[in-house]
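Trainee: For reference, the sequence and a predicted model appear below.
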Amino acid sequence: MTINRMRLELVEFMPSTLEPGVLYVSQKYRTAAHLCACGCGEKIRTQLGPLGWQFTNERPGPSLYPSIGNWQKPCRSHYYIKSGFVVWSPAFTEAEVLYGRQAEVRHRDTYFREQNSGWWARLKRLWNAGR
C-alpha cells in the first residue's frame, strides 16, 4: 500500500518495529527512519546534519531534504517528504545515481577540507594538543 502522508514521531532511540506512514526522528543521534513510502516494507535510514539530510518540522508535518532515493532497494523508489506529504519523483537512471554518489563524495570532501583548514581549525588543534 503506497503511503502519501508522513507523521512525525520524535524518539531518542529508533524502535525495532517501524509503522507505515511515520517518520521517526532522533535529534539527539541526528538520524531519521521510516518505512519506504512505496509500501514495500523496507526500512529507510537517513543521517541528519551537514553531511546528510535536513529535517524540519512544520505545522502541516515533517520535511526531509534532499529527496529519498532508494537506489539500493528493489523498489528503487524516489520521493520527497515535504510538510508531511510524500511527493513522488521519477526514478533515476544508473548514470544519474552514479553522478549523485560522486556529488556526495565531493560534498563530503569539501566539508572536511573546510573543517580542517583556517584559523578556527588551527585553534582547535592547538586547544586539543594542550589537553
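Mentor: Happy to help now that I have it.

Trainee: buried set for the longest helix seen in the chain?
Mentor: Across the chain, the longest stretch assigned as helix under DSSP state H is helix 94-115. Within helix 94-115, the residues that qualify as buried are Val97, counting by 16 or more other C-beta atoms under 10 Å. Heads up, the C-betas are built off the backbone N, CA and C, glycines and all.

Trainee: thought Met14 was touching Thr31?
Mentor: Yes: the pair formed by Met14 and Thr31 meets the contact definition of C-beta atoms under 8 Å, at 7.1 Å.

Trainee: Tell me the gap between the lowest-mean-pLDDT helix or strand in the chain and the middle of its chain.
Mentor: The helix or strand of the chain with the poorest confidence is helix 118-129; it has a mean of 76 (mean pLDDT, DSSP states H and E). If you compare the mean C-alpha spot of helix 118-129 with that of the full chain, they lie 30 Å apart, counting by C-alpha atoms, centre = their mean, to the nearest Å.

Trainee: any idea which strand is longest in this structure?
Mentor: Within the chain, and with DSSP state E defining each element, the longest strand by residue count is strand 62-69.

Trainee: what does the helix or strand that that strand is followed by rub up against?
Mentor: Beyond strand 62-69 in the direction of the C-terminus, DSSP states H and E gives the next helix or strand as strand 78-82. Where contact means C-beta atoms under 8 Å, 6 or more residues apart in numbering, the residues beyond strand 78-82 that reach it are 6, 23, 34, 37, 62-70, 86-92.

Trainee: Provide the strand pairings for strand 78-82, with the direction of each partner.
Mentor: Partner strands and pairing direction for strand 78-82 (DSSP bridges) are strand 62-69 (antiparallel), strand 85-88 (antiparallel).

Trainee: Out of the ones you listed, the one nearest Gln115 is which?
Mentor: strand 62-69 (21.1 Å; C-beta to C-beta).

Trainee: Grab the CA positions of the closest one and hand them over as CSV.
Mentor: Extracted as CSV, the C-alpha positions of strand 62-69 are listed here (Å, rounded to 0.1, in the frame of the first residue of the first chain):
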residue,chain,number,x,y,z
PRO,A,62,7.8,16.9,8.8
SER,A,63,10.1,17.5,5.8
LEU,A,64,13.3,15.9,4.8
TYR,A,65,15.6,17.4,2.2
PRO,A,66,17.1,16.3,-0.2
SER,A,67,14.9,13.5,-1.7
ILE,A,68,14.9,9.9,-0.6
GLY,A,69,16.3,7.8,-3.4
